[in-house]
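1. Just a sequence and a predicted model for now, questions to come.
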Amino acid sequence: MSILEMKVPSPGESITEVEIATWLVKDGDYVEKDQPIAEVDSDKATLELPAEESGTITLKAEEGEVVEVGQVVCLIDTSAAKPEGDSAPAATAEVKAAEPAKVEAPKVEAKPAATYATGTPSPAAKKILDEKGVSASQVIGSGKDGRITKQDADFASVPAMGSTTATSGSRGSSTTKLSVLRRKVAARLVQVKNETAMLTTFNEVDMSEIFRIRKLYKEEFAQKHGVGLGFMSFFTKAVTRALKLYPDVNASIDGDYKINYDFCDISVAVSGPKGLMVPVLRNAEDMSFRGVESNIKSLAEKVRDGKITVDEMTGGTFTLTNGGTFGSMMSTPIINPPQSAILGMHNILQRPMAIDGQVVIRPMMYVALSYDHRIIDGKESVGFLVAVKEAIDNPVEHLLGGDERKGLEL
């Protein structure tokens, strides 16, 4: 008999603990080497934990439990034979005897968020209900055993004429613990708001030329490069061009020092099952349209499949986020630290515009640049956004070198 202790590997530098988000196997299952057995949440990403060897598994941590890097989370009996058929046998008696007895935590029944009043409001609550003319039987109590508190009485509604109850419909609620990733993101967002001089400036871009180019070449582009021609490649190229013109937007602040980068690592916000993640396009300034589209597609698939790594989300000098995919018309995106700026894209609407003295309908998008005013002045921020606008309004000249076919490698 040979027992392997599986310990939590380090997901990345500076990460000391993770949370067991989901066990993908049950206690006593037979697992194959490299088979994913759990999903673990760190403060930067959700990662899969693969089995180190084949054998029968015994779980040593619960779902939702926070464990230290290097802590034993399961045991694998590598001497166990692979079961025949689909069903895996329970752990052998030998293994169970060798292990210390598992002490189950006492089961605590979930207390309902609110129950109907028992008819015993607190004195302060009774006074308020009497003043409102509301019966205690018509109020939902949130105190112990359904007791009506003063706060319950404050929020109690006066029943409408002819009604018999103060409320109608479902009033249930549920409580779930935030994941390590969500808690870390929340803390970082609050930190950004508190520790940066964040300001947002707005502009609008005309998407007519990009619509024309995509309509004309999207099928040929897809056939030749095996990937679609989307909006993100145009905006990524527009951003890298603008960052070269206004390098302070591509900088970060470290205490009393400003760090400027001669490369553009563009973080692209991607919505995944575990929340918003920002994988990075390394040296995006050197990428072609095909390179941008294929890299974004690959990273987005990894995010959605839960296979993105910490290294693929570490770093970044500037962030692109597209709230327009969800219908957002306008927003003030929050900076992704330690970066100093983020560009928010929004939905595209057909709007009447004055062009050469004539009113014409154009597909327009509002764009927003949030930036850290400590190192980026208004001149740089507005100039940067105008440069992005120039490139989107006239991509053939500014992004495709004057030849749209050549610029798209067709």
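-> Good, I have the coordinates. Numbering: from 1, shown residues only.
2. Just the C-alpha atoms of stretch 243-250, please, in PDB.
-> This file holds the C-alpha atoms of stretch 243-250, laid out as PDB (Å, rounded to 0.1, in the frame of the first residue of the first chain):
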ATOM      1  CA  LEU A 243       0.400  55.100 -26.200                       C
ATOM      2  CA  LYS A 244       3.500  55.700 -28.400                       C
ATOM      3  CA  LEU A 245       2.300  59.300 -28.900                       C
ATOM      4  CA  TYR A 246       1.500  59.800 -25.200                       C
ATOM      5  CA  PRO A 247       3.900  57.600 -23.200                       C
ATOM      6  CA  ASP A 248       2.900  58.900 -19.800                       C
ATOM      7  CA  VAL A 249      -0.500  57.100 -20.300                       C
ATOM      8  CA  ASN A 250       1.600  53.900 -20.500                       C
END
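3. So for it, what gets flagged as buried?
-> Using 16 or more other Cβ atoms under 10 Å as the test for burial, stretch 243-250 gives 243, 246, 248-250. In this view, the C-beta of every residue, glycine as well, is placed from N, C-alpha and C.
4. same check, this time on stretch 69-76
-> Buried-residue list, stretch 69-76, by 16+ other Cβ under 10 Å: 71, 73-76.
5. and if you look at stretch 383-394?
-> 384-385, 387-393.
6. Can you pull the phi/psi pair for residue 266?
-> Residue 266 adopts backbone torsions of phi -90, psi 120, taken as degrees, to the nearest 10.
7. what residue ranges in the protein score low on pLDDT?
-> 12-14, 43-45, 85-119, 144-145, 157-169, 180-181, 274 (pLDDT under 70).
8. any idea how far residue 129 is from residue 223?
-> Residue 129 is 72 Å from residue 223, where distance means Cβ to Cβ, to the nearest Å.
9. Same list (the buried residues of stretch 383-394) but as JSON lines, adding secondary structure.
-> Below are the buried residues of stretch 383-394 laid out as JSON lines (DSSP: H, G, I helix; E, B strand; the rest coil):
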{"residue": "384", "secondary structure": "helix"}
{"residue": "385", "secondary structure": "helix"}
{"residue": "387", "secondary structure": "helix"}
{"residue": "388", "secondary structure": "helix"}
{"residue": "389", "secondary structure": "helix"}
{"residue": "390", "secondary structure": "helix"}
{"residue": "391", "secondary structure": "helix"}
{"residue": "392", "secondary structure": "helix"}
{"residue": "393", "secondary structure": "helix"}
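10. still on that earlier bit, which one of residue 129 and residue 223 has more residues nearby?
-> Neighbours were tallied for residue 129 and for residue 223 using other Cβ atoms under 10 Å; the higher tally belongs to residue 129 (21 against 9).
11. which residues does the more buried one contact?
-> 121, 135-136, 139, 148, 153, 156 (Cβ atoms under 8 Å, 6 or more residues apart in numbering).
12. That one and residue 146, how far apart?
-> Counting by Cβ to Cβ, the gap from residue 129 to residue 146 is 15 Å.
13. Serialize the buried residues of stretch 69-76 to JSON lines and add fields for distance to residue 348.
-> Shown next, in JSON lines, are those (distance: Cβ to Cβ, whole Å):
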{"residue": "71", "distance to residue 348": "49"}
{"residue": "73", "distance to residue 348": "47"}
{"residue": "74", "distance to residue 348": "49"}
{"residue": "75", "distance to residue 348": "55"}
{"residue": "76", "distance to residue 348": "53"}
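14. What's the local residue count around residue 123?
-> The burial count for residue 123: 7, using other Cβ under 10 Å.
15. Just the buried residues of stretch 243-250: which are in helices?
-> Among the buried residues of stretch 243-250, the members falling in helices (DSSP state H) are residue 243.
16. mind listing the helices for the stretch 101-250 of the chain?
-> For the stretch 101-250 of the chain, applying DSSP state H, counting those that start in this stretch gives helices covering 123-132, 150-155, 180-195, 208-225, 231-245.
17. ok, and for the first one, which residues are buried?
-> The neighbour-count check on helix 123-132 (16+ other Cβ under 10 Å) flags 125, 128-129, 132 as buried.
18. got it, and the last one?
-> Residues of helix 231-245 classed as buried: 231-243 (neighbour count, 16+ other Cβ under 10 Å).
19. can you check the fourth one too?
-> With burial defined by 16+ other Cβ under 10 Å, the residues of helix 208-225 counted as buried are 208-210, 213-214, 217, 221, 225.
20. Those: which two are farthest apart?
-> 208 and 225 (23.7 Å; Cβ to Cβ).
21. Identify the residue spatially nearest to residue 272, adjacent ones excluded.
-> residue 303 (4.1 Å; Cβ to Cβ, 6 or more residues apart in numbering).
22. burial measure for the one you found, as a count.
-> Residue 303 has 26 nearby residues by other Cβ under 10 Å.
23. which residues touch it?
-> Residue 303 neighbours (Cβ under 8 Å, 6+ apart): 270-272, 277, 279.
24. go again using 7 Å as the cut-off
-> Counting by Cβ atoms under 7 Å, 6 or more residues apart in numbering, residue 303 touches 270, 272, 277, 279.
25. Just the ones in strands from the residues you listed, please.
-> Judged by DSSP state E, the subset of the contacts of residue 303 located in strands is 270, 272, 277.
26. could you dump those to CSV with neighbour count?
-> What follows is the ones in strands among the contacts of residue 303, written out as CSV (neighbours: other Cβ atoms under 10 Å):
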residue, neighbour count
270, 20
272, 17
277, 25
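27. any idea which of those is closest to residue 36?
-> The closest of the ones in strands among the contacts of residue 303, once distances to residue 36 are taken by Cβ to Cβ, is residue 272, at 16.5 Å.
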